[in-house]
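**Student:** please work out how this folds:
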Amino acid sequence: MRSGVRYTPALAVALFALLVAAGVSAWVLGGRMFEGVAPSGAPERPPVSGAGPPEVELSADAEDHPLADAVRSQLQRYFDAINSRDYELWSVSVVPERVEQQPREQWIASIDTATDGTIRVDRIDDAGGGRVLAMVRFVSTQSLEDAPPDLRVPRICWRGAFPMVGDPPRLETGSAGSLLSEPC
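**Tutor:** Modelled structure (predicted):
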């Protein structure tokens, strides 16, 4: 007679059901990542042409976060820096490590013809350790030569989670590879 744990079909079915439930939960929660109430008066879709207004807007959900004003202000600096090609302004909106990774000439070349607009923060989540994640979407226009190699179009709709840390919260990212994009 063997001793030990006996695995039964009922246990296998229970484990399978647990895995399916976890998968469904992840899918449902993942799909809600960029949901949120659009800011009052904000267009539901990107503008027909161009990047749209350069002001950073907050959804009602994002406005409820205690750091909403600080996050909006820093993101406004970040996008203003890109739109005005102002490296000094950009360098105070991102973490020092990001500035070290991207010297002025490289940064200017990376945004040469870009203009960003229709900027919305859908949600702000606490990420622990004094960090927050800002769920942001925006529209960029750029020359085809300056568009990402895998998306050579003049107008792109972007969305992503921007990690921010510090006081004021500075962006820990800035790479197009950390964002989802599609033509718009």
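**Student:** pLDDT-wise, which helix or strand of this structure ranks last?
**Tutor:** Using mean pLDDT, DSSP states H and E, the weakest-scoring helix or strand in the chain turns out to be helix 9-31, at a mean of 44.
**Student:** C-terminal to it, what's the next element?
**Tutor:** strand 56-58 (DSSP states H and E).
**Student:** so what strands line up beside that following strand?
**Tutor:** strand 115-128 (parallel) (DSSP bridges).
**Student:** show me which residues of the partner strand are buried.
**Tutor:** For strand 115-128, a neighbour-count test (16 or more other C-beta atoms under 10 Å) marks Thr115, Asp116, Gly117, Thr118, Ile119, Arg120, Val121, Asp122, Arg123, Ile124 as buried. Where C-beta positions appear, they are placed from N, C-alpha and C, glycine not excepted.
**Student:** which strands and helices sit next to the helix or strand hosting Ser181?
**Tutor:** Assigned by DSSP H and E, Ser181 belongs to strand 180-183. Secondary-structure packing of strand 180-183 (3 or more C-beta pairs under 8 Å, 6 or more residues apart in numbering; DSSP states H and E): strand 155-165.
**Student:** what's the average pLDDT for the strand it packs on?
**Tutor:** The average pLDDT within strand 155-165 is 95.
**Student:** pull that strand out as CSV, backbone CA atoms only.
**Tutor:** Only the C-alpha atoms of strand 155-165 are listed here, as CSV (Å, rounded to 0.1, in the frame of the first residue of the first chain):
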residue,chain,number,x,y,z
ARG,A,155,0.1,60.9,-36.6
ILE,A,156,0.3,58.4,-33.8
CYS,A,157,-2.0,57.8,-30.8
TRP,A,158,0.0,56.7,-27.8
ARG,A,159,-0.9,55.3,-24.4
GLY,A,160,1.2,54.0,-21.6
ALA,A,161,1.9,53.9,-17.9
PHE,A,162,4.4,56.6,-16.9
PRO,A,163,6.2,55.8,-13.7
MET,A,164,7.0,58.8,-11.6
VAL,A,165,9.0,59.3,-8.4
